[in-house]
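Peer 1: fold the stuff below for me.
(chains A and B)
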Amino acid sequence: MIRVALLAGLVFSGLALAQANPEEEWGTLPVDPNSPKPPPVPVPASRAPAAAALAPRLGIDVDPRPPPEPNTVSMFAGPTLGQWKRGQAIYVGFPTLGLRLAIGLLDRLDFAVGFESFYGVMNEFHVGLKVGLIRGAHWNLSAAADGMLALFGQRASKEERGPRWITGHRNFGANPGLVLSYQGESPRAARLFVDLRYLIAFDTDTFAKDPLNGVPPDLIVGHNATLHFGAEMPLSARTSFMFMLGLDFHGRSDDAIIMPVAMLGLVTGL
Amino acid sequence: MNWFKRSMLVGALASGILFSGCDPAKGPSRSTSSGSLALSSDDALLYAVDTDTGTLNVIDTATDTKIATVKVGDQPGRVAVGGDDTIYVTNRGSNSVSVIRKGEWTEVKQIQVGTEPVGIAVSPDNKMIYVVNSTSADNAEFGTLTGIDVATLNPTFDVQVGAEPRGLALLGNDRAVVTLYKEGELVEVDLTTQKPISNAIGIYDQANASSKTSNNSGFSAFSTFKARALTTVAATNDGTRLFAPVIWAREDPIARKPNSAGGYYSSGGPCNVGAVATAGLVVADRGTGPNGGQLEPQVDDLTACTNSGTNTSDKNYPASTISTGTSGRFGATVVPIQAPVAIAIDPTDTWVFVVNKESSNVAIMPAFRRDPGEENSFQNNGSSVRTTVALNADPNVSSGPDGLALSRDGKRAYVYNQFDHRVDVLGSKGSGSAANIEKLKSITVTSDVLSPEVVVGRKMFFNATDPRLSSPSTNVSCATCHLEGLEDGHVWKFPDGPRQTPALAGRRLRQTQPYHWSGEFADSQAFLTHTIKERMGGTGLVTAKESENLVDFIEALPAPQNANLKLVRTESQLRGAAAFTKANCNSCHAGALLTNLKSEQVGTLVTTGRSFDNGIVITNGIDTPSLLGLARTAPYLHTGTAATLDDRINNNPGDKHGVTSTLSATERVDLIAYLKTL
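Peer 2: Model (predicted):
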């Protein structure tokens, strides 16, 4: 599963980066060489002499259209959506697949709801906030946190190397952290991001691992850290392809010490 | 309403929804104690019921010393503690429930209930006490569940629950589950309507699913097994699952030649585990239908797992056989487990503790999984239990454990050894090892009041690990079939034909020789030698005194109470006595013992089929059994083919078994009424 996710991520990112100028591919229509040339487009007066002078010499038609609208719809990277703008994302990978809907409550505050599933055996509902802290021309830094409620397919005492062990998640959780991202000059430049979170997991399904070794407390708190990095790669002004790789570090001895994460997804805005 | 108030309201509603299932008053009755032991609500006091002395013994768990003794009724058996810390004890011998207030240490009342009350539980809301009576107060054919109002301490209802019930578990305040001891089934009772919801949950059908299917197709290559000896039942603390310990009994013919290692009884246990009578555990999950749905049995297909063992399937319930695996050429059990009689579930619903009376040990199994898991390895390969804890330094010694209580902090288990009048305290040696439980200390609460001979005999009667009595690959005791010294209603398919287990208690063994249905043993010594060596696989009792001690105990067993027999017989019963003579029943069932001590041909020999009579009975007939205690020993005949006395009286072709054809319909009814008083 991890290998598939990594491979797919590399392939997609490779294809995306291989485009010399992605805007050309996605911003223009294919041209039929036999079709009549379109009528010349009026150009602003200030640029017209230069264009008129260069065109005959180069033997090409100058596309005078404005540059493509930049893609600013981010669900996983640093930028917030902007007030009343909406975004959604679907993703699949290891260990979970999910769906996330967000809306900008303020220019720098997004509210999100989400559903994440460890392929049916753990189903988790998310409520999240993202606050834009630093917003630069290329760099963005946000603070983000999700609250989580997880429903497990079977009780903890029955589970062995199941979703709890793999994800470190428990019945309730929260994952405050920071998301730093960078987006290049181009309107279709990929948004690279690093997402660092502290995941606190509240386990209310505690059980006695060994008989007569005492009743565990009703609540056991797990402390975990997640480090994810990836990119949202715009496909259009509102849609991006997303890939994410990372590592989850689990603090409970009952869980895997470290677990890789790999996701592929789509992000769109309304 | 501002945002703060709104958020508080939403939070309160969410909390209400989330925690609505946690109201302790709506949960099941606590299942962390069972049988003759219970703890006070703060675990500071441990209550141990001693049957021989008729006492409730109070132990301070901080100092592990006895602080009080309370005289209760005759033959007290089980104890329960209410939400207000009032203690209730069922007195099997005096048909009552003793009420003891915490701190007063005196019996404040004895509540009369049905006949031989056993199981007891207090509703989670502490408003009702429920008691299971082995039979009703006036009819031995069925038992009842009696409800008692805690406020008035008076019975408020009595509902029929089937024949010979024993155990009881409550699922909340409105649902009770009762075990049928001989039938091997669970009965659900709606406590709101005070009516049974179902008379059985289908344990037998599920345990023999493959055999049933193949029988439908006209061929069966599978053995079949029947659950019996359901002494008790316990629910998980979350009320989703029930556990009922059983002894599985093989139904089809057992080995024709004695196994050199274990006697007849060693062969053919369920799932290649154990012997013809094997300890087991039946699981039932609470359904998901309206009002909690009906119980759904989770039982292994015991007839189709001969190649798969018990631990290879990824099932979320423990194996239906309680086994520690086998070793050696003859498949000796690693740690014998026999006669599970008390069961409790730890406060986290993770571990099931089972007390085994005839192997004098405790088995610990996971409640919601079967395989050991990587971190929770089992003590032995091929085992269905995590570990076992021996209660005696010599594992071949019997101490008759029948009570269990687990502390709320999950660190201590208490076991009451009825024969030794001793509480054993178990604790952990620390995690990391499967065998992490050890006996910390013992507390003796009283001393023997029975004669030394009976004490010795009882320990032998209930001992499935003594090599003199049973082989390591058989592990059965006398009591494994003669449950409670009575019988199990089971028909064993021996090489000499079908033989129903006869009752012993109250049958005056020393006066009713010859023995066996075939009547081939003139004295008890010969009878015991044959049974112990040939059937149970033991090396045999060494001295005649040992045999005598065993018989001493059997003779001392109290006869089962007969609810049909009152001080004055009814008109019908009196007429039935005359019909008994008219039908010539008394020519064989003669005298005070109701037997002529001879063999007779009464038209019941089986001459065809997979199990047929042969040998001495063909010429001599069947030994005439005593009719003492007849009402509670159904089914009848050596073949067990007469489920009721009506079946026998009205199905007697050729008058071979009494001249019943001379009786009118009314006389037959009267005769049956009379027979039920014997």
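Peer 1: any low-confidence regions in the chain?
Peer 2: Since you didn't name a chain, this refers to chain A. Where chain A drops to pLDDT under 70, the residues are A:1-64.
Peer 1: please go with chain B instead
Peer 2: Within chain B, the segments meeting pLDDT under 70 span B:1-31, B:214-221, B:256-267, B:289-292, B:305-314, B:329-331, B:372-376, B:379-382, B:431-432.
Peer 1: pop the domain breakdown of it in here.
Peer 2: The record assigns chain B these domain ranges, following automatic domain parsing: B:22-171+B:184-198, B:564-678.
Peer 1: who in chain B is up against chain A?
Peer 2: Contact residues, chain B versus chain A (CB under 8 Å from any CB of the partner chain): B:316, B:346-351, B:353, B:364, B:366-369, B:371, B:373-376, B:386-387, B:408-413, B:426-428, B:430-432, B:436-437. C-beta here means a position set from N, CA and C on the backbone, and glycine is covered the same way.
Peer 1: list only buried entries from these.
Peer 2: When the residues of chain B next to chain A are checked for burial by 16 or more other CB atoms under 10 Å in any protein chain shown, the buried set is B:316, B:346-351, B:353, B:364, B:366-369, B:371, B:373, B:376, B:386-387, B:410-413, B:426-428, B:431, B:436-437.
Peer 1: most tightly surrounded among the domains of chain B?
Peer 2: With neighbours taken as mean count of other CB atoms under 10 Å in any protein chain shown, those reach their highest mean count in domain B:22-171+B:184-198, at a mean of 20.
Peer 1: next one: it to chain centre, how far?
Peer 2: Offset of domain B:22-171+B:184-198 from its chain centre (CA atoms, centre = their mean, to the nearest Å): 17 Å.
Peer 1: what about the strands in chain A?
Peer 2: Taking DSSP state E to define them, one finds strands in chain A at A:86-94, A:97-106, A:109-117, A:122-135, A:139-152, A:172-174, A:177-183, A:191-203, A:220-234, A:239-250, A:258-269.
Peer 1: now mean neighbour count and distance to B:Thr608 too, for the ones you listed, in a markdown table please.
Peer 2: A markdown table is the format used below for the strands of chain A (neighbours: other CB atoms under 10 Å in any protein chain shown; distance: least, CB to CB, whole Å):
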| stretch | mean neighbour count | distance to B:Thr608 |
| --- | --- | --- |
| strand A:86-94 | 19 | 65 |
| strand A:97-106 | 18 | 65 |
| strand A:109-117 | 18 | 62 |
| strand A:122-135 | 18 | 60 |
| strand A:139-152 | 18 | 57 |
| strand A:172-174 | 19 | 68 |
| strand A:177-183 | 20 | 80 |
| strand A:191-203 | 20 | 64 |
| strand A:220-234 | 20 | 65 |
| strand A:239-250 | 21 | 68 |
| strand A:258-269 | 19 | 67 |
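Peer 1: could these go into JSON lines alongside distance to B:Ser33?
Peer 2: Output for the strands of chain A, formatted as JSON lines (distance: least, CB to CB, whole Å):
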{"stretch": "strand A:86-94", "distance to B:Ser33": "46"}
{"stretch": "strand A:97-106", "distance to B:Ser33": "46"}
{"stretch": "strand A:109-117", "distance to B:Ser33": "41"}
{"stretch": "strand A:122-135", "distance to B:Ser33": "35"}
{"stretch": "strand A:139-152", "distance to B:Ser33": "30"}
{"stretch": "strand A:172-174", "distance to B:Ser33": "32"}
{"stretch": "strand A:177-183", "distance to B:Ser33": "48"}
{"stretch": "strand A:191-203", "distance to B:Ser33": "28"}
{"stretch": "strand A:220-234", "distance to B:Ser33": "27"}
{"stretch": "strand A:239-250", "distance to B:Ser33": "37"}
{"stretch": "strand A:258-269", "distance to B:Ser33": "42"}
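Peer 1: nearest to B:Leu46 among these would be which one?
Peer 2: Closest to B:Leu46 of those, according to CB to CB: strand A:220-234, at 29.6 Å.
Peer 1: still on that earlier bit, adding distance to chain B, write the strands of chain A out as CSV.
Peer 2: Output for these, formatted as CSV (distance: least, CB to the nearest CB, whole Å):
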stretch, distance to chain B
strand A:86-94, 21
strand A:97-106, 13
strand A:109-117, 14
strand A:122-135, 12
strand A:139-152, 9
strand A:172-174, 10
strand A:177-183, 24
strand A:191-203, 12
strand A:220-234, 12
strand A:239-250, 15
strand A:258-269, 17
